[in-house]
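**Q** Structure for this input, please:
(chains A and B)
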2 protein chains.
Amino acid sequence: MNRNEWVSSAVQFAEQHEARSLEQLKALLRIPSVSTLPEHAGDVRRAAEFVAAELQRIGMEHVRLIETTSPEHPAGHPLVVADWLHAEPGPDGKPQPTVLCYGHYDVQPAEPLHEWVSPPFEPEIRDGNLYARGAVDDKGQMWMHVKALEALFATGGGKLPVNVRVVIEGEEEVGGEGIAAYLRQQGEQMRADVALVSDTEMFAPELPTLCVGLRGMIYTEIEARGARTDLHSGMYGGAAPNPLMALAEILTQLEDREGRILIPGIYEQVQAPTPAELAAWSALPFDEESFRTHEVGSPALTGEPGFSVLERLWARPTLEVHGIAGGFTGAGAKTVIPARATAKVSMRLVPDLTWSDTYERFRQYVLSLCPPGIELDVRLLHSGEGLVLSTDNPYVRVATESLRAVFGKDTVFVRGGGSIPIVADFVQLLGMPTVMMGFGLPDDNLHAPNEKFHVANFYRGIQAIVRFLGGVGA
Amino acid sequence: MNRNEWVSSAVQFAEQHEARSLEQLKALLRIPSVSTLPEHAGDVRRAAEFVAAELQRIGMEHVRLIETTSPEHPAGHPLVVADWLHAEPGPDGKPQPTVLCYGHYDVQPAEPLHEWVSPPFEPEIRDGNLYARGAVDDKGQMWMHVKALEALFATGGGKLPVNVRVVIEGEEEVGGEGIAAYLRQQGEQMRADVALVSDTEMFAPELPTLCVGLRGMIYTEIEARGARTDLHSGMYGGAAPNPLMALAEILTQLEDREGRILIPGIYEQVQAPTPAELAAWSALPFDEESFRTHEVGSPALTGEPGFSVLERLWARPTLEVHGIAGGFTGAGAKTVIPARATAKVSMRLVPDLTWSDTYERFRQYVLSLCPPGIELDVRLLHSGEGLVLSTDNPYVRVATESLRAVFGKDTVFVRGGGSIPIVADFVQLLGMPTVMMGFGLPDDNLHAPNEKFHVANFYRGIQAIVRFLGGVGA
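**A** Purely as a prediction, here's the structure:
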């Protein structure tokens, strides 16, 4: 059996087993592996064990959970790692390349629960979509890798056409400290010829897409403290500092009303996209009004003046406040001046804004804005570097061919506005070319209620990954 | 037995029964009658029944719960009302006056629970103070009225020296709609010659105090809506409006950084205190630095420039934000741009700023600040008028004599920065002189964790009220 026949058989195997693959994914989605919430630590581990058991079953070797918990990192969740490194050399006697398949089995919190049409951890198919927290980010996409490997093993007599390492983490949604530390510690031993990551999205339905850039980030918490204890606003309003108002004052000095970041020295470091990249973005099927009405659904789009929407999302730093705690937010009224309030504030970064330099500028600037009567603390919750990938390598060519075989279309190259911190380590620490081949859709509600995965894309993703793994070797 | 003997006997009775009065109060404090939280509606009713049972037991008549729930007011809590109107005429044959005793049996929410040294609904005595939610606001002070009436009944052969109406509400902490509607409906039938209210505080320990002014208030909620659903800040940060940032922008335009309200037309309506009142305030034992360190505990005091602390608290309107909901405020990080966020914002009002005019100005101004991409709603949660009482009546003189008999000192006249909406109705609707004789202390942590009532003041309050009720008649 030659490689083409093998790949065809594996694609056929994947097609024949689609229903089972989907049921397995639904079982994994029922495990609420919310990595950010300590009360779900047991669920996160169950999800890791679920994935490890399947890797073992399909034929991967050295399947194991790597504990990432340490005194410095007490809330760690295990890495699932495995390998299979016995690919037969090509006709010219050259060894086959090694592919590192990356994904994550942890998910974002599901709140606000009342906005879900079906419960977040009870997967449900509606209109050809699978609804559940983690459906597309990233359990569903990670599961495509597992199912592609299964198809190749099953049709290859227990062998794979290339060497494969699998690393699946449980901390992607909380900053990925564990995997970063593991990569640094393992170093060359974890090196592969190419990393394959499916944690991004297609630019539009039916349009095969490779993501070649990601934004970095800093995620911070600003704490403002005023009075020693919560105070009655009648008895103290007019004399006691209000930490919530202090945070509002600080936030409005971090960004102007049009969306320009006011922290000194940020924009000076930003690397502009190349003219060729900007031209390619202009050619993408992007309609701003359709984006506003169908994806965002707000009366107007906002953001830094002077840049297109795609530039703002992909190539400009941004700043957001994610939540403000303190005081009273229950039903009805409580007339409290809180002693303490906190704001979760993040920035998205682009090359060449490093997270460490940006965080230091952020911190210094926030502290310089401290209002009278208030004490401030600034904490970094997590961070990651932004990056832009080279597209000039054979792996990108194999990826586009694989996508053409499945979708019948040319691939577009885009950047993503989000952050996958470990990809920066793959590229910058281990020097690995990385292919980000994702199958989400723009309206898949990542990190939001009613997250979904278009079931057809789950199946097509498995086939594309089969073709990629079959195609990168000799 | 003449009146003086009766009063002396009643004071003695109160002293002999102090321990039992305290135990009864503790039992009442164990009922978590949090009126603002629908899940405590049953507890609120239990507290009403507890108070009614004791009024019945001591000898009050027509003791009943008045339901305040209606289609327009679905979350109502019952009023406890009672009367005893058989006081024997004075020596000159003139009928005795009628005193309306007012208090409330509902309490503020206890959150944040972890800041309480002992649980909020498990009363505990430490260092001569009774710690519990509602200890001083207002269960403890309301219970002084009940115990003073008991002492007079017990020592007067089942009679009182004056006619008494008792009205105790369960909605003071949620705006007092029910009692306001009841007063309007009953009108003249509820009229008394004087209302006695113990829901305020002493200016300093050992310093008997009558409160002669209260601030009014509007308590509002501002809702900002942006995108249709929560969005991922990586994928949409730079294009989607952020309702939390919108609220921050609005808040910082309602008040400047020094504490001046920026809503047009507010300060023009404020009635200044008289020169005599300002002079009296200057003579009060008030040390700003001590107030800052012992009561507030913040690095600096804040508020409108150009006015003393007492003027700012008692005679100037203020604006506070009490809580901001929306997005993610749990442990760790979630990179969400919320679809919707709300801020609870109140203003304290002083004569002649009416709540209705102020709310309309507030609402119009907030709506005028709506940022691009955002839709705003403004809602009024509750309101009350501010007032300044006349001190030129015999009831105030009897009150100061009663306080002198208990504390051995002259009474000071102060205003309060808080709001007791029903007092405005007593004064402005029913034309009743009102005496606000309160026994809280400035550090009693009203509306905050570790609320307390100095036990000695609980006992002295009972005696002062016995003397007041015995003294206002002929």
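
**Q** what residue is smack in the middle of chain A?
**A** Within chain A, one residue has its C-alpha closest to the average C-alpha position: by C-alpha atoms, centre = their mean, that is residue A:420, at 4.7 Å.

**Q** all strands of the stretch 351-474 of chain A, in order?
**A** Under the criterion DSSP state E, counting those that start in this stretch, the stretch 351-474 of chain A carries strands at the ranges A:375-384, A:387-388, A:412-414, A:434-437, A:452-454.

**Q** And the pLDDT at residue A:72?
**A** Residue A:72 is assigned a predicted lDDT (pLDDT) of 68.

**Q** cool, residue A:469 as well?
**A** You'll see residue A:469 listed with a pLDDT of 98.

**Q** Now for the closest residue to it other than its chain neighbours, how many residues are close by?
**A** The spatial neighbour of residue A:469 that comes closest, neighbours along the chain excluded (C-beta to C-beta, 6 or more residues apart in numbering or on different chains), is residue A:162 at 5.7 Å. Heads up, the C-betas are built off the backbone N, CA and C, glycines and all. Residues contacting residue A:162 under the criterion other C-beta atoms under 10 Å in any protein chain shown number 23.

**Q** cool, and residue A:49?
**A** 15.

**Q** again with residue A:93
**A** Taking other C-beta under 10 Å as the criterion, the count of residues near residue A:93 is 7.

**Q** Can you name the helix or strand that it falls in?
**A** Element membership of residue A:93, judged by DSSP states H and E, is empty: it is in no helix or strand.

**Q** Residue A:298 is in contact with residue B:228, isn't it?
**A** Yes: between residue A:298 and residue B:228 there is a contact under C-beta atoms under 8 Å: 7.3 Å.

**Q** quick one: which of those two has more around it?
**A** Of the pair residue A:298 and residue B:228, residue A:298 is the one with more neighbours under other C-beta under 10 Å, namely 24 against 16.

**Q** part of a strand, is the more buried one?
**A** No: with DSSP: H, G, I helix; E, B strand; the rest coil as the criterion, residue A:298 is coil rather than part of a strand.

**Q** From residue A:357, how far off is it?
**A** Taking C-beta to C-beta, to the nearest Å as the measure, residue A:298 falls 32 Å from residue A:357.

**Q** Strands along the stretch 1-150 of chain A, start to end?
**A** A:61-66, A:79-84, A:98-104, A:124-126, A:129-131.

**Q** Let's have the ones you listed in a markdown table, adding mean pLDDT, distance to residue B:380 and mean neighbour count.
**A** Supplementary listing: these in a markdown table, determined by pLDDT from 0 to 100; distance: least, C-beta to C-beta, whole Å; neighbours: other C-beta atoms under 10 Å in any protein chain shown:
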| stretch | mean pLDDT | distance to residue B:380 | mean neighbour count |
| --- | --- | --- | --- |
| strand A:61-66 | 97 | 56 | 15 |
| strand A:79-84 | 97 | 53 | 23 |
| strand A:98-104 | 97 | 46 | 26 |
| strand A:124-126 | 98 | 40 | 14 |
| strand A:129-131 | 98 | 38 | 23 |
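
**Q** I'd like the distance between the residue nearest to the centre of chain A and residue A:198.
**A** Distance from residue A:420 to residue A:198, by C-beta to C-beta: 11 Å.

**Q** that older thread, between the strands of the stretch 351-474 of chain A, which one is closest to residue A:114.
**A** Evaluated with C-beta to C-beta, the strands of the stretch 351-474 of chain A place strand A:452-454 nearest to residue A:114, the distance being 17.7 Å.

**Q** Need the contact partners of that closest one.
**A** Counting contacts by C-beta atoms under 8 Å, 6 or more residues apart in numbering or on different chains, the residues outside strand A:452-454 that touch it are A:128-132, A:135-136, A:140-141, A:205, A:439-441, A:444-445.

**Q** Please indicate which of the residues you listed are buried?
**A** For the contacts of strand A:452-454, a neighbour count by 16 or more other C-beta atoms under 10 Å in any protein chain shown gives the buried set as A:129-132, A:135-136, A:140-141, A:439-441, A:444-445.

**Q** which ones among those residues are found in helices?
**A** Counted as lying in helices by DSSP state H, out of the buried ones among the contacts of strand A:452-454, are A:140, A:141.

**Q** tell me which of the buried ones among the contacts of strand A:452-454 is nearest to chain B?
**A** Relative to chain B, the closest of the buried ones among the contacts of strand A:452-454 is residue A:445; by C-beta to the nearest C-beta it sits at 6.5 Å.

**Q** residue contacts, residue A:69?
**A** Under the criterion of C-beta under 8 Å, 6+ apart, the contact list for residue A:69 reads A:75, A:76.

**Q** Residue A:348 touches residue B:233, doesn't it?
**A** Yes: taking C-beta under 8 Å as the contact criterion, residue A:348 and residue B:233 are neighbours in contact, 6.9 Å apart.

**Q** Distance to chain B added to the strands of the stretch 1-150 of chain A, as JSON lines?
**A** Shown next, in JSON lines, are the strands of the stretch 1-150 of chain A (distance: least, C-beta to the nearest C-beta, whole Å):
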{"stretch": "strand A:61-66", "distance to chain B": "21"}
{"stretch": "strand A:79-84", "distance to chain B": "19"}
{"stretch": "strand A:98-104", "distance to chain B": "14"}
{"stretch": "strand A:124-126", "distance to chain B": "16"}
{"stretch": "strand A:129-131", "distance to chain B": "13"}
